[in-house]
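Peer 1: The amino acid sequence is not available; the structure is as follows:
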């Protein structure tokens, strides 16, 4: 081969390589101009006036999954699709784009910034939904209520302080998310929970605390018995360093945020500075006397679990619901954790902790949204709405009759092979029943009924009215519900709706104050900052943002 | 003409550089148009060009923010400490390794010091949290001296030490590679001549080894100063908590928290742009100084 020929070939090869690299960089979503990648590419769109419906409804869904696997291919997911197709009268061709929950949350801001949305996607933050919706990126569902017979009853449900839809609406009544709603058989709530090592309390005849003074005394007694232990632990430490304060603030009828107190909106750290200070002083007393775990705000969840299993903590004021059930299963470290009613607060009153009672209420204010650029929007709305129908709630909650549950004399029960299995949740996950918590069929969040959680989890040790006994966890809290324990804080979002601009005003003023408060409140608890600087601290907070502009805005709207 | 001739002569070499240039252009230069959103009220749906122009609004908002000074100070201090403590250590280690005559010991030390570099920063921080926990190694050592156990991650005064220390632990070995490569270029005849002249080890290091590495050191120093404000954001994010924000909250974490997590993209871009401009000015200045006072510079 001639030298010249060789050179020519080399040149061609180099150019091909360069071109390939360049092309690789250019591939991806090649400029659909923000269209949902699946919607309407192969099927004719339905016109707003009700034109031709497609034979196949193609669309994309972007959402998280919660266990090791997605629900695709499970029995419940198959039945979900069959029921949907029958209801809508079209075949469904869904492209699922799913990420593990952690990754999904981490990538959410980037996803929103990209502007390249799937036709339906989950927005786990109602403020973001309002901001994106007001910028025209999402379908305004308030104009489509006639297509939403099933979700409408959840949206219009009123617990005495306005319809639930207010929680997700703009001041003009527009809303963009389908709610994370549930059909509760009884009042949910009671979170966070006050949990105790019942076996240790009983062994040493230590009474389960009925108020915060007794709570302190119990911790002190345990410290005497177990000098190496820090009796009071903190739940959620790995995910929220301020969790323990938040729990005690609410028990003492205040908050570190802007909140509704049943009468008006206050910004807790400044407007209720005395109430906040009292709680921090109480926690500081626990800390100084080595009763509170000094790592309450830095430890990982694994470190916290290790401490509980090895007898280093005996009580927690902010546990999640599964704590007692999970820990009591340990055979290597036998122990009995149980749940008790919340102690009375520093004023000797019942604290705020219950969510308002009522069926058909929102579980959270976030949910799936429909991209404004999706094709066949009316059909997609009908599809989403159908997830709130009784038959779909039954499917998500109980699964398939004969395969996961049986109904006798109107009462449903999971099959014995599920209930009696070592891991009933795992058995449900195999079928894709949403109650499993890990493998959830359909589009998130599917509406569910709550009572099954109790049936699956079984009874746990509880303490109330001077007696130890066993009860279903949620039911236990429901039975202890009183009107005075119902937190008005949770009513706030129903009472006031903010526009994207108002949300920006609130965040730009309050976020710096809250950031400073979060850090300094821990410094007060740990003694790194002395309480004689409290007045200076409040002045620091006031200098960080115009909190009054925000509380005024909220209270003006309340009128 | 001369340049053209050289270019034509080396055209195949330039051709081989082309894919790299295209990659840099596509992934580094093209996306730069995005900085425009720092001057706009970015609307995802309207797109970069159609969003409303707001001028310097986001820059003013940041500078008016009471946190701005703190995050800048923290970023600058972390960068400075990193420069003072973390930058010289790989040079020292490289010099020490160069003096080792037994090859297997040298290789073993290199492998041991390289190893942490290949461990994910999440694992490194996880290990650090275990070591610094109440029952961890640090507190066990303190207990030998009857010092009460403390929560290192809950004290702002320890953050910078933990951050710089863990950075050194992870990157020390890897950082020596370039210096060791530079050492191989030093002519052994120089050492032989120095030996003949009666120079000891220390003199050889001072008069031969260090000057031989000077070019590499200066280039890496210029780059390090350019990156001074780009503290390892991911590691800080994993290590910090609200109580140590006073020393740990840096521009990167602030932008992440207030910009990305709150979906204030224009604001985040404006703050990021400010830092990039300052870094660029620093880089220019140091490069200029280096060019004036030494023979080494980036350009």
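Peer 2: Cool, got the structure. These numbers come from a predicted model, not from an experiment.
Peer 1: for chain B, what are the nearby residues on the stretch 101-250 of chain A?
Peer 2: A:109-110, A:112-115, A:128, A:131-132, A:135-137, A:241-242 (C-beta under 8 Å from any C-beta of the partner chain). C-betas here are computed from N, CA, C, even on glycine.
Peer 1: Try it again at 6 Å.
Peer 2: Contacts of the stretch 101-250 of chain A with chain B, taken as C-beta under 6 Å from any C-beta of the partner chain, map to A:109, A:112-113, A:115, A:128, A:135-137, A:241.
Peer 1: Model confidence for residue 22, exactly?
Peer 2: No chain in the question, so chain A it is. On pLDDT, residue A:22 comes in at 38.
Peer 1: Chain B is the one I meant
Peer 2: 95.
Peer 1: which stretch of helix or strand covers it?
Peer 2: helix B:11-24 (DSSP states H and E).
Peer 1: Can you tell me which helices and strands that helix packs against?
Peer 2: Applying 3 or more C-beta pairs under 6 Å, 6 or more residues apart in numbering or on different chains; DSSP states H and E, one finds that helix B:11-24 makes contact with helix A:3-26.
Peer 1: Next SSE downstream of the helix it packs on?
Peer 2: Immediately after helix A:3-26, counting by DSSP H and E, sits strand A:56-65.
Peer 1: helix or strand right after that following strand?
Peer 2: The C-terminal neighbour of strand A:56-65 among helices and strands, as given by DSSP H and E, is helix A:75-88.
Peer 1: Now do that following helix: which elements does it pack against?
Peer 2: strand A:91-100.
Peer 1: So which bits of the helix or strand just after the strand it packs on are buried?
Peer 2: Using DSSP H and E, the helix or strand that follows strand A:91-100 in sequence is helix A:101-114. For helix A:101-114, a neighbour-count test (16 or more other C-beta atoms under 10 Å in any protein chain shown) marks A:101, A:104, A:108-109, A:111-113 as buried.
Peer 1: mind checking how far helix A:101-114 is from the chain centre?
Peer 2: Offset of helix A:101-114 from its chain centre (C-alpha atoms, centre = their mean, to the nearest Å): 16 Å.
Peer 1: now the angle from it to strand A:56-65?
Peer 2: 120 degrees (axes from the mean of the first three to the mean of the last three C-alpha atoms, to 10 degrees).
Peer 1: pLDDT averaged over whichever helix or strand comes after helix A:101-114 - what is it?
Peer 2: Downstream of helix A:101-114, the first helix or strand assigned by DSSP H and E is strand A:120-123. Taken as a whole, strand A:120-123 has a mean pLDDT of 92.
Peer 1: Mind listing the strands strand A:120-123 pairs with, and their directions?
Peer 2: strand A:56-65 (parallel), strand A:367-370 (antiparallel) (DSSP bridges).
Peer 1: Give the next helix or strand downstream of the helix or strand where residue B:246 lies.
Peer 2: Element membership for residue B:246 (DSSP H and E) is helix B:245-248. Moving toward the C-terminus from helix B:245-248, the next helix or strand (DSSP H and E) is helix B:251-254.
Peer 1: On the C-terminal side of that following helix, identify the next helix or strand.
Peer 2: Moving toward the C-terminus from helix B:251-254, the next element (DSSP H and E) is helix B:265-293.
Peer 1: Does that following helix reach chain A?
Peer 2: Yes: contact of helix B:265-293 with chain A (C-beta under 6 Å from any C-beta) involves residue B:265.
Peer 1: if we can go back for a sec, got CSV for the buried residues of helix A:101-114, with distance to residue B:247 too?
Peer 2: As requested, the buried residues of helix A:101-114 are exported to CSV (distance: C-beta to C-beta, whole Å):
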residue, distance to residue B:247
A:101, 32
A:104, 32
A:108, 29
A:109, 26
A:111, 32
A:112, 31
A:113, 30
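Peer 1: Find the pair from the residues you listed with maximum spatial separation.
Peer 2: The widest separation within the buried residues of helix A:101-114, taken as C-beta to C-beta, falls between A:101 and A:113 and amounts to 20.0 Å.
Peer 1: Now for residue 192, how many residues are close by?
Peer 2: This is for chain A. By other C-beta atoms under 10 Å in any protein chain shown, 23 other residues sit near residue A:192.
Peer 1: Not quite, go with chain B.
Peer 2: 10.
Peer 1: where's it relative to chain A, distance?
Peer 2: Residue B:192 sits at a distance of 43 Å from chain A (criterion: C-beta to the nearest C-beta, to the nearest Å).
Peer 1: follow-up on the earlier one: mean neighbour count, mean pLDDT and distance to residue B:247 added to the strands paired with strand A:120-123, as CSV?
Peer 2: Output for the strands paired with strand A:120-123, formatted as CSV (neighbours: other C-beta atoms under 10 Å in any protein chain shown; pLDDT from 0 to 100; distance: least, C-beta to C-beta, whole Å):
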stretch, mean neighbour count, mean pLDDT, distance to residue B:247
strand A:56-65, 21, 93, 34
strand A:367-370, 26, 92, 39
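Peer 1: for these, which one sits closest to residue A:455?
Peer 2: Of all the strands paired with strand A:120-123, it is strand A:56-65 that lies closest to residue A:455, at 23.8 Å by C-beta to C-beta.
Peer 1: relative orientation of that closest one and helix A:75-88 in degrees?
Peer 2: Using the same axes, to 10 degrees: strand A:56-65 against helix A:75-88 is 140 degrees.
Peer 1: what angle sits between strand A:56-65 and strand A:91-100?
Peer 2: 20 degrees.
Peer 1: Find out how far strand A:56-65 is from the centre of the chain, if you would.
Peer 2: The chain centre lies 22 Å from the centre of strand A:56-65; the measure is C-alpha atoms, centre = their mean.
Peer 1: Can you get me a residue count around residue B:32?
Peer 2: The tally of other residues near residue B:32 (other C-beta under 10 Å) stands at 8.
Peer 1: Provide a list of residues in contact with it.
Peer 2: Listed by C-beta atoms under 6 Å, 6 or more residues apart in numbering or on different chains, the contact set of residue B:32 is empty.
Peer 1: Against chain A, how distant is it?
Peer 2: Counting by C-beta to the nearest C-beta, the gap from residue B:32 to chain A is 15 Å.
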